[in-house]
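**Student:** Quick one, structure for this:
(2 chains)
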Amino acid sequence: MAMTREPGLYDYSPMLDRPKITWPNGARVAFWVAPNIEFYELDPPQNPGRRPWPKPHPDVVPHSHRDYGNRAGFWRMMGVMEEYGVRGSVSLNVAMCQHHPEIIEACSALDWEFFSHGVYNTRYTYTMTEAQERAMMEDVIKTIKDCTGQDTDGWLAPALSYTTNTFELLAEYGIKYTCDLFHDDQPQPVKTKSGRLISVPYSLEMNDTVVLSMMGKSSRHYTEILKANFDQLYEEGAENGQVMCIPLHPFLIGQPHRIGNFAEVLEYITGHDKVWVTTGREIAAHYYEHHYDDVVAALAANRGNQA
Amino acid sequence: MSLPNDYLEYPKRGHGMDHDRYTWSMLKDRPAVTWPNGARVALWVVTQLQWFPLDMKPAIPVPAGMARPYPDSWNYTLRDYGNRIGVYRIFKVLDKLGIRSSVAINSALAEMYPYLLEQVVARDWEVIANGLDMGHPHHGDMDSQEEAALIKGVLETLRSISGQAVRGWLSPIRSESMNTPDLAAAEGIEYLCDWANDDMPYPFETASGTILNMPHTMELDDQQILITLRHTEQEYVDQLKDQFDCLYAESESSGGRIMAINLNPWVTGQAYRIKALEGALSYIMSHDGVWSATGAEILDAYKAQG
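**Tutor:** Alright, predicted model coming up:
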């Protein structure tokens, strides 16, 4: 496999001197919450790119910890989001449609969006041939349509695993936005040979797994991080519209000792006037309708200046 | 390296789980549980008494094991501090607050320090089997006959020394093979503590019949919070209080809840941490409707609901 020194998916575009992005009703920040609704297999096959579990199977602690999300944590998380009028944009392992359709129905009843997070969180895209990756994408798109009636507009690669074909294939299959690029706080065009694709900020550093598990912060510290991140984007959003996402996992945020802190964050953010509480799909649609062409033109002009 | 095409086949992609150990069940759909005397929250403190042998060579990595070259005095004696000093500070705090604990103990430690188990039994605390020692974690590549003999020996030792039935099983570092629940149930174990996927007990299937998995806490384990995640003592206390506040509030509409706290005496029994633990436990015990109970007592109350 030929490796390249940079992804080749976007042009350098510094945060100064950009076209102004506006959101509905003069909002400064488009705010969305993306719960990862996942299924982890107890005894999945091996992938050369990543071991699904660190220990020989069954790896009881990490496996059962994640299963907690579906049995208990999801319902607490959903209740708090409903209380503050925040619809979820679900990053879905589509096998959940077969394993736990009760959860899918609960999300649908609240008019939540579903986008793709692959089939299982224990099946990775690494080393897939183009034909295999196409088969996986077709499975996902068909499963979401059959199970929820929704089109798959968004994509977050399963467990953030990729091939060099991934973004090209997403554009070809009509996926409208990817959550897999973390280079910006605004949507950005993604360079593909065919079709159109944009990135919508997924705010990976705000992800509960990243902050709570990888960085090892406490729940109350996470609350401070989320508020501080929002405050800064809200300030900057007075000049140019910003996006903030809170990516979540019910097995973490839905723990009894965290759920009250999460409620405090949603109360704080939704308590601001100039916030557009929305979904990934709606952010992407608004951007395509009002900003995509201008931004592409500005990037092209900028390339001309640099040449 | 290419991926075989069956990587995209999913024979277990159907309703429920991808295994037969337990059925898919959502906490919110289950009938409300009531505790003795109308208690709202059962407080289940588990104190772990463990031996990390100086020559341990575990088949899988064991956190807090002998990480330095032999002989690792640093790690050996710091763990042993818990069994000499830390646990007696914990006894004192729990006795003062009227809290009874389940004690998950390695059978080799029970044999090595009989005085320690006498203290546990004298308090009428419950003994839970916690494997042989921390050098012998169960794991997925383990030979099943070897594991069967290990479990049988552990339970014989603990039942003989404690005089108790020993009804609960907690695997060292909560690590199991595919056979551990079957082998433990075959030796009369009635409940497992390894699976961290629920807030309440739930039925767990084994070759020797249905047992229960109890909601032993992983997230609120003192080692997890203070050692692995390196939180401060104040953050530890905050998490215990936040957990309790949520469960206590939920109990009003959803029935009795269980608040599990897991203590490693070499962690919380340190002089500079014991007051933090006492503060958190005092906060919990200051509420009406808190029932301090052992795992077996909670199990029996749960089973009595039918």
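
**Student:** Strands along chain A, start to end?
**Tutor:** Using DSSP state E, the strands of chain A run over residues A:29-37, A:89-92, A:113-116, A:154-155, A:177-178, A:188-189, A:198-199, A:242-248, A:275-277.

**Student:** Quickly compare the ones you listed and say which is most buried.
**Tutor:** Highest mean neighbour count among the strands of chain A (mean count of other C-beta atoms under 10 Å in any protein chain shown): strand A:89-92, with a mean of 29. In short, each C-beta sits where N, CA and C put it, glycine included.

**Student:** roughly how far is stretch B:98-106 from the heart of the chain?
**Tutor:** 10 Å (C-alpha atoms, centre = their mean, to the nearest Å).

**Student:** Any residue of that stretch touching chain A?
**Tutor:** No - residues of stretch B:98-106 are not located near chain A by C-beta under 8 Å from any C-beta of the partner chain, the shortest gap being 15.0 Å.

**Student:** Could you do stretch B:37-44 as well?
**Tutor:** No - shown here: stretch B:37-44 not in contact with chain A (C-beta under 8 Å from any C-beta), separated by at least 10.6 Å.

**Student:** Pull out the buried residues from that stretch.
**Tutor:** By neighbour count on 16 or more other C-beta atoms under 10 Å in any protein chain shown, the buried set for stretch B:37-44 is B:39-44.

**Student:** surely A:D151 meets A:K145?
**Tutor:** Yes - using C-beta atoms under 8 Å, A:D151 makes contact with A:K145 at a distance of 6.8 Å.

**Student:** What mean pLDDT does stretch A:139-154 get?
**Tutor:** Averaged across stretch A:139-154, the pLDDT comes to 98.

**Student:** which outside residues touch stretch A:292-299?
**Tutor:** A:11, A:13, A:18-19, A:188-189, A:196, A:198 (C-beta atoms under 8 Å, 6 or more residues apart in numbering or on different chains).

**Student:** helices or strands up against the top helix by length along chain B?
**Tutor:** In chain B, with assignment by DSSP state H, the single longest helix is helix B:233-254. Helices and strands touching helix B:233-254, by 3 or more C-beta pairs under 8 Å, 6 or more residues apart in numbering or on different chains; DSSP states H and E, are helix A:219-236, helix A:256-270, strand B:41-49, strand B:257-263, helix B:274-285.

**Student:** Output the ones you listed as CSV; include the columns mean pLDDT and distance to B:R100.
**Tutor:** Below are the helices and strands packed on helix B:233-254 laid out as CSV (pLDDT from 0 to 100; distance: least, C-beta to C-beta, whole Å):
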stretch, mean pLDDT, distance to B:R100
helix A:219-236, 98, 29
helix A:256-270, 98, 22
strand B:41-49, 98, 8
strand B:257-263, 98, 13
helix B:274-285, 98, 12
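
**Student:** B:L27 is nearest to which of these?
**Tutor:** strand B:257-263 (10.0 Å; C-beta to C-beta).

**Student:** The helix or strand that comes right after the closest one near chain A at all?
**Tutor:** Once the chain leaves strand B:257-263, the next helix or strand it forms, by DSSP states H and E, is helix B:265-268. No - Helix B:265-268 stays clear of chain A (C-beta under 8 Å from any C-beta), getting no nearer than 15.5 Å.

**Student:** which regions of the stretch 51-200 of chain A sit below the pLDDT cut-off?
**Tutor:** For the stretch 51-200 of chain A, no stretch is flagged by pLDDT under 70.

**Student:** since we're on the closest residue to chain A within chain B, how many residues are nearby?
**Tutor:** Closest to chain A within chain B is B:G140: 2.9 Å, counting by C-beta to the nearest C-beta. Residues within reach of B:G140, counting by other C-beta atoms under 10 Å in any protein chain shown, total 20.

**Student:** Chain A contacts on the stretch 151-300 of chain B?
**Tutor:** B:171, B:173-178, B:194-199, B:218-220, B:228-231, B:235, B:238-240, B:242-243, B:245-247, B:250.

**Student:** 6 Å - rerun?
**Tutor:** B:174, B:176, B:194-199, B:219, B:229-231, B:235, B:238-239, B:242-243, B:246-247 (C-beta under 6 Å from any C-beta of the partner chain).

**Student:** Touching, B:L240 and B:E278? I think so.
**Tutor:** No - in this structure, B:L240 is not within contact of B:E278 by C-beta atoms under 6 Å, at 11.4 Å.

**Student:** More neighbours: these two, which one.
**Tutor:** Per other C-beta under 10 Å, whichever of B:L240 and B:E278 has more neighbours is B:L240, with 24 against 19.

**Student:** which sections of the stretch 1-150 of chain B are below the confidence cut-off?
**Tutor:** Judged by pLDDT under 70, the stretches of the stretch 1-150 of chain B that qualify are B:1.

**Student:** Selection in PyMOL covering whichever of the residues of the stretch 151-300 of chain B next to chain A are buried, please.
**Tutor:** Selection of buried members from these for PyMOL, criterion 16+ other C-beta under 10 Å:
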select buried, chain B and resi 174+176+194+195+196+197+198+199+219+229+231+235+238+239+242+243+246+247
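
**Student:** still on that earlier bit, my guess is the residue of chain B closest to chain A contacts A:H57, does it?
**Tutor:** Yes - using C-beta under 6 Å, B:G140 is in contact with A:H57, at 4.8 Å.

**Student:** Tell me who's in contact with the residue in chain A that chain B sits nearest to.
**Tutor:** Among the residues of chain A, A:P56 lies closest to chain B, at 2.9 Å counting by C-beta to the nearest C-beta. Residues counted as contacts of A:P56 (C-beta atoms under 6 Å, 6 or more residues apart in numbering or on different chains) are B:139-141.

**Student:** run the last query once more with 8 Å
**Tutor:** B:60, B:139-141, B:177.

**Student:** same check, this time on A:S218
**Tutor:** Counting by C-beta under 8 Å, 6+ apart, A:S218 has contacts A:212, B:229, B:231, B:235, B:238-239.

**Student:** What confidence value was assigned to A:R303?
**Tutor:** Confidence score, pLDDT, at A:R303: 76.

**Student:** tally of neighbours for it?
**Tutor:** Residues lying near A:R303 (other C-beta under 10 Å) number 11.

**Student:** quick one: contacts for it?
**Tutor:** Residues counted as contacts of A:R303 (C-beta under 8 Å, 6+ apart) are A:D11.

**Student:** Same question for B:Q224.
**Tutor:** B:M218.

**Student:** so it sits in a strand?
**Tutor:** No - under DSSP: H, G, I helix; E, B strand; the rest coil, B:Q224 sits outside any strand and is assigned helix.

**Student:** so how far is B:I261 from it?
**Tutor:** Distance from B:Q224 to B:I261, counting by C-beta to C-beta, to the nearest Å: 12 Å.

**Student:** residues shared between the contacts of these two?
**Tutor:** Joint contacts of B:Q224 and B:I261 (C-beta under 8 Å, 6+ apart) do not exist.

**Student:** Run a quick neighbour tally on A:H65.
**Tutor:** Counted with other C-beta under 10 Å, A:H65 comes out at 22.

**Student:** Could I get the full set of helices for the chain?
**Tutor:** I went with chain A, as the question did not name one. Under DSSP H, chain A gives helices at A:60-68, A:74-83, A:96-99, A:101-109, A:130-148, A:166-172, A:208, A:219-236, A:250-253, A:256-270, A:280-290, A:292-306.

**Student:** my bad, the chain I had in mind was chain B
**Tutor:** Along chain B, counting by DSSP H, helices occupy B:73-81, B:87-97, B:107-112, B:114-122, B:144-162, B:180-186, B:222, B:233-254, B:265-268, B:274-285, B:295-303.
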